[in-house]
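Student: Let me see the structure of the following:
(one chain, ligands or ions: 2)
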Amino acid sequence: MEGVGIRFPESVSAQSVRSTWHTSSGKGAVSVRRSGTLCFADELHRIIFRKREALVAGQRSIMSVSEKAAKGNRVDETSRLGMETMKHSVLVTRQIPGESLKRLREVCEVEVWPEAIPPSREELCRLVKGRHGLLTMLSDRIDGELMDVAGEQLCVVSNYAVGFNNIDVDAAKTRGVVVGNTPDVLTDATADLAVSLLFAASRHVLPAGNQVREGEWKTWEPTGWLGVEPSDKTLGIVGMGRIGKATAKRLVGGWGMNLLYTSRSDQGDVEKELGGRRVELDTLLAESDFVSVHVALTDETRNLIDADAIGKMKSTSVLVNTARGEIVDQDALVDALNRRAIFAAGLDVTTPEPLPADHALVKSPHCVILPHIGSATHTSRNAMSEIAVDNLIAGLAGKPLRCSVT
Ligand SMILES: NC(=O)C1=CN([C@@H]2O[C@H](COP(=O)(O)OP(=O)(O)OC[C@H]3O[C@@H](n4cnc5c(N)ncnc54)[C@H](OP(=O)(O)O)[C@@H]3O)[C@@H](O)[C@H]2O)C=CC1
Ligand SMILES: O=C(O)C(=O)CO
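Tutor: Numbering: from 1, shown residues only. Ligands and ions are numbered 1, 2, ... in the order given. Just a heads-up that it's a prediction; the model follows:
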């Protein structure tokens, strides 16, 4: 019997290759050489040579079936065989830093969207067709419709972010698509930025700096640019997750702030370590001098900080948001800042992103807005690339993701 030249790893037994082929194709004699090459009987051999495309499609469906069966983190031999015998096709929706894409290219056919601006919905729909995996950005909306456009073979979406509100996780689950994210490695960078925003907003850092740039700095003013200080004041952390905790550690440890926080889950360790008190949101807003938002964006947290919530804050307080723009009602925030109902705000996230330059928040002298740069350090972004690629490769192989949200 002649060999068709499809190699499989030594770790996969000849018997399992034979039975995998038989159960998946339902026909065709097969033999397995010691060299680790799968060989087919004549007729099938000819078919395969004439219609190589069909073989690839067949293997794709083997993969798709086996990976859907492998949900629940089971790895089966078919998946491993598939990894060895075919090249998956993946789309990376933006250039990402670091070397990890080289690793991806060794196991997959990789297309990277080359532009700095994300693909439009229409372009994304065109690009995802036939892909087995997607490495996506937080600006890409990955919903059931898009997954259907991609096709049944899609098995993994690896988000280049810890937040995954851009992905319809339920739609992914029902389609047997696993979803990964990149937690932990960006926690310090994002907490550092939350603290930077807190100071920038409370000390007018940007408008004061602009005065110098614009040649408007006339003299030292005893009453100019007066701000507020965090030392010994009360910090309110909305959402005591990884970044919330890291932000609290910096401000409680460094500036001796008192800590209030909201959390659905018990955070006994935070109370022990930082002496914080878990309270209802209303209490936190009313008693805090600085409020920093760190909850994930979900249907329950959308507009969590609305006009009513902002109305409970002290007129001397500062609001910081590094989580997601949709968590804060921006119209209510504009109104509060204009009325000086709160002292200032520092935002790394807005809705939409980018926020138009003529938006009232951009124009407000009491609001500092950054272009969503919380995780933008070499260390964090390189580490995010590594995790995102690890997630993608694991998902294609039907293995448990390094960081999974499904
Ligand atoms: N600006 C930037 O560049 C970055 C922004 N982010 C944003 O920060 C967020 C937090 O990241 P991270 O700390 O790593 O995530 P975590 O999962 O550790 O923390 C998320 C927090 O959100 C809370 N939460 C989740 N769902 C709800 C809900 N329905 N109602 C109330 N609270 C809820 C969780 O509370 P509970 O314990 O009660 O479940 C938890 O405290 C990300 O989701 C992302 O949106 C992240 C990185 C960089
Ligand atoms: O990871 C996230 O969720 C971000 O917003 C950017 O790193």
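
Student: drop to CA atoms for contacts and neighbour counts, all remaining ones
Tutor: Noted.

Student: Burial check on S265, number of neighbours?
Tutor: By other C-alpha atoms under 10 Å, 10 other residues sit near S265.

Student: try N321
Tutor: N321 has 24 neighbouring residues, counting by other C-alpha under 10 Å.

Student: For it, give the beta-bridge partners.
Tutor: Under DSSP bridges, the beta-bridge partners of N321 are V293, L347.

Student: Do I have it right that it meets V295?
Tutor: No - if you go by C-alpha atoms under 8 Å, N321 and V295 don't touch, sitting 9.6 Å apart.

Student: which residues touch the nearest residue to Y160 once chain neighbours are set aside?
Tutor: Nearest residue to Y160, sequence neighbours excluded (C-alpha to C-alpha, 6 or more residues apart in numbering): M137, at 5.2 Å. Going by C-alpha atoms under 8 Å, 6 or more residues apart in numbering, M137 touches T93, R94, N159, Y160, A161.

Student: near ligand 2, which of these show up?
Tutor: Filtering these for proximity to ligand 2 by C-alpha under 6 Å from any ligand atom leaves A161.

Student: May I ask which of the contacts of M137 has the most neighbours?
Tutor: Of the contacts of M137, with other C-alpha under 10 Å as the count, N159 tops at 31 neighbours.

Student: Show the contacting residues for that one.
Tutor: L135, T136, M137, L138, V179, G180, N181, T182, A388.

Student: hang on, the last one packs against S158?
Tutor: Yep, that's A388 we're talking about. Yes - applying C-alpha under 8 Å as the test, A388 and S158 come out as touching, 5.7 Å apart.

Student: what residues are shared contacts of the two?
Tutor: Taking C-alpha under 8 Å, 6+ apart as the contact rule, the neighbours common to A388 and S158 are L135, G180, N181.

Student: can you pick the most crowded of the residues you listed?
Tutor: Taking other C-alpha under 10 Å as the neighbour criterion, G180 ranks highest of the shared contacts of A388 and S158 with 30 neighbours.

Student: thought that one was touching D390?
Tutor: No - if you go by C-alpha under 8 Å, G180 and D390 don't touch, sitting 9.4 Å apart.

Student: shared neighbours, these two?
Tutor: With C-alpha under 8 Å, 6+ apart, G180 and D390 have common neighbours L401, R402.

Student: Just say helix, strand or coil for V228.
Tutor: Following DSSP: H, G, I helix; E, B strand; the rest coil, the label given to V228 is coil.

Student: so who does the residue nearest to it when sequence neighbours are not counted touch?
Tutor: Once flanking residues are discounted, V228 sits nearest to S202: 5.4 Å by C-alpha to C-alpha, 6+ apart. S202 makes contact with G227, V228, E229, V318, F343, A344, A345, according to C-alpha under 8 Å, 6+ apart.

Student: Tell me the most packed of those residues, by neighbour count.
Tutor: Neighbour count (other C-alpha under 10 Å) singles out A344 as the most crowded of these, with 30 neighbours.

Student: wait, does stretch 363-375 contact ligand 1?
Tutor: Yes - Stretch 363-375 is in contact with ligand 1 by C-alpha under 6 Å from any ligand atom, via H372, I373, G374, S375.

Student: ok, the last one - contacts?
Tutor: This points to S375. By C-alpha under 8 Å, 6+ apart, the residues touching S375 are L186, T187, A189, T190, R381.

Student: doesn't it fall inside a helix?
Tutor: No - S375 is assigned coil when assessed by three-state DSSP, not a helix.

Student: hmm, back to that, could you redo the contacts of M137 as a markdown table and give each row distance to ligand 1, secondary structure and pLDDT?
Tutor: Output for these, formatted as a markdown table (distance: C-alpha to the nearest ligand atom, whole Å; DSSP: H, G, I helix; E, B strand; the rest coil; pLDDT from 0 to 100):
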| residue | distance to ligand 1 | secondary structure | pLDDT |
| --- | --- | --- | --- |
| T93 | 18 | coil | 98 |
| R94 | 16 | coil | 98 |
| N159 | 12 | strand | 99 |
| Y160 | 10 | coil | 99 |
| A161 | 7 | coil | 99 |
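
Student: show me the contacts for the closest residue to ligand 2 within the stretch 1-150 of the chain.
Tutor: Here the stretch 1-150 of the chain gets closest to ligand 2 at one residue, L138, 6.8 Å apart by C-alpha to the nearest ligand atom. By C-alpha under 8 Å, 6+ apart, the contact list for L138 reads N159, Y160, A161, G163, F164, N165, N166.

Student: Among those, which pair sits farthest apart?
Tutor: Farthest-apart pair in these is Y160 and N165; separation 12.0 Å (C-alpha to C-alpha).

Student: Now for the closest residue to G163 other than its chain neighbours, how many residues are close by?
Tutor: Among residues not flanking G163 along the chain, A296 sits closest, at 6.7 Å (C-alpha to C-alpha, 6+ apart). Per other C-alpha under 10 Å, the neighbour tally for A296 reads 18.

Student: Could you double-check that A296 lies in contact with G325?
Tutor: No - using C-alpha under 8 Å, A296 is not in contact with G325; the gap is 10.7 Å.

Student: Is it possible to mark the buried ones in the residues of stretch 363-375 next to ligand 1?
Tutor: Listed as buried from the residues of stretch 363-375 next to ligand 1 are H372, G374, S375; burial here means 16 or more other C-alpha atoms under 10 Å.

Student: Which one of those residues is nearest to ligand 2?
Tutor: Proximity of those to ligand 2 (C-alpha to the nearest ligand atom) peaks at S375, which lies at 4.6 Å.

Student: and the closest one, how far is that from T190?
Tutor: Distance of S375 to T190, computed by C-alpha to C-alpha, to the nearest Å: 5 Å.

Student: if I pick M257, what's in contact with it?
Tutor: P230, S231, D232, K233, T234, L235, L251.

Student: Please read the previous query as pertaining to S158.
Tutor: Counting by C-alpha under 8 Å, 6+ apart, S158 has contacts G133, L134, L135, T136, V179, G180, N181, A388, V389, N391, L392.

Student: Would you confirm that it belongs to a strand?
Tutor: Yes - assessed by three-state DSSP, S158 belongs to a strand.

Student: and it, what are its bridge partners?
Tutor: L135, G180.

Student: how close does it sit to ligand 2?
Tutor: 12 Å (C-alpha to the nearest ligand atom, to the nearest Å).

Student: Thanks again, I'm all set now.
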